[in-house]
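Student: Need coordinates for the following:
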Amino acid sequence: MPGFFNKLLGKDTDSKVQNIGYLGNMKDDASRMKLIKFLGDESVDVRRSAAAALEQHFTSGSVEAITALTKALDDSDAGVRKNAVLSLGGFISKAPSSGESARAKQAIIGLIKREMDEGILKNAVISLANVQDPALSGPMAEAFKGKDKKVVSAAIDVIDNLPPTDARTEIKKALRSVL
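Tutor: Numbering: from 1, shown residues only. All right, here's what the predicted structure looks like:
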């Protein structure tokens, strides 16, 4: 019977995921804070959805979102990490001078060093390329050292598919030096 009551009250996983979809489309502080709370849910589907939906709120530059998404980079689920790292880049780009942004950039570099999942690595590259910080090119290249050459080439291809900027050119040069 608890499953029935949870569904009726909107507390089951499917209801939470549907609610997260709505919250992603609402660009207010209360919706963003609910999404941040969902990042700590016991359900992996809920955490994945919350990490993805938060990306729609990136223009806020919310320090709370940066903190929560940085924490989500250590989630046990690859899908949560993949969505969190992509969302994180947008928030950092809107709050580049906050201390949380600096910690988040370092956390993404750390994720690149330890991560093996190519999808997560691609999203990490997109995230850092969107930050537009040329100072990240060296640490990013260092993080890719020792990775399979195909993975490094895929990272370069990801940057090639983004609109060119000076920062992205620097990142590309640094990654080519790893090959």
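
Student: Can you tell me how far the nearest residue to Asn25 once chain neighbours are set aside is from Leu86?
Tutor: In space, and not counting its chain neighbours, Asn25 is closest to Gln56: 6.7 Å by Cβ to Cβ, 6 or more residues apart in numbering. Every residue, glycine included, has its C-beta placed from N, CA and C. For Gln56, the distance to Leu86 (Cβ to Cβ, to the nearest Å) stands at 12 Å.

Student: With neighbour numbers in mind, choose between those two.
Tutor: Neighbours of Gln56 and Leu86, each counted by other Cβ atoms under 10 Å, are more numerous for Leu86; the result is 23 against 18.

Student: Tell me which residues touch the closest residue to that one other than its chain neighbours, please.
Tutor: Sequence neighbours aside, Asn123 is the residue nearest to Leu86 in space, at 4.2 Å (criterion: Cβ to Cβ, 6+ apart). Contacts for Asn123 (Cβ atoms under 8 Å, 6 or more residues apart in numbering) come out as Lys82, Asn83, Val85, Leu86.

Student: Which strands and helices lie in contact with the one helix or strand the first one maps to?
Tutor: In this case it means Lys82. Secondary structure assignment for Lys82, by DSSP states H and E: helix 78-94. On a contact count with 3 or more Cβ pairs under 8 Å, 6 or more residues apart in numbering; DSSP states H and E, helix 78-94 meets helix 44-54, helix 63-72, helix 99-114, helix 118-131.

Student: how many degrees apart are the helix or strand that the last one is followed by and helix 99-114 in direction?
Tutor: What it means is helix 118-131. Where DSSP H and E defines the elements, the next helix or strand beyond helix 118-131 is helix 137-144. With axes from the mean of the first three to the mean of the last three Cα atoms, to 10 degrees applied, the angle from helix 137-144 to helix 99-114 works out at 30 degrees.

Student: what are the C-alpha coordinates of helix 137-144, in PDB please?
Tutor: Provided in PDB are the C-alpha atoms of helix 137-144 (Å, rounded to 0.1, in the frame of the first residue of the first chain):
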ATOM      1  CA  SER A 137      43.800  24.800 -20.900                       C
ATOM      2  CA  GLY A 138      47.000  23.600 -19.100                       C
ATOM      3  CA  PRO A 139      45.200  21.800 -16.200                       C
ATOM      4  CA  MET A 140      42.800  20.300 -18.600                       C
ATOM      5  CA  ALA A 141      45.600  18.900 -20.900                       C
ATOM      6  CA  GLU A 142      47.400  17.600 -17.800                       C
ATOM      7  CA  ALA A 143      44.200  15.800 -16.700                       C
ATOM      8  CA  PHE A 144      44.000  14.100 -20.100                       C
END
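
Student: Show me the contact partners of that helix.
Tutor: 106, 109-110, 112-113, 125, 128, 151-152, 155, 167, 170-171, 173-175, 177-178.
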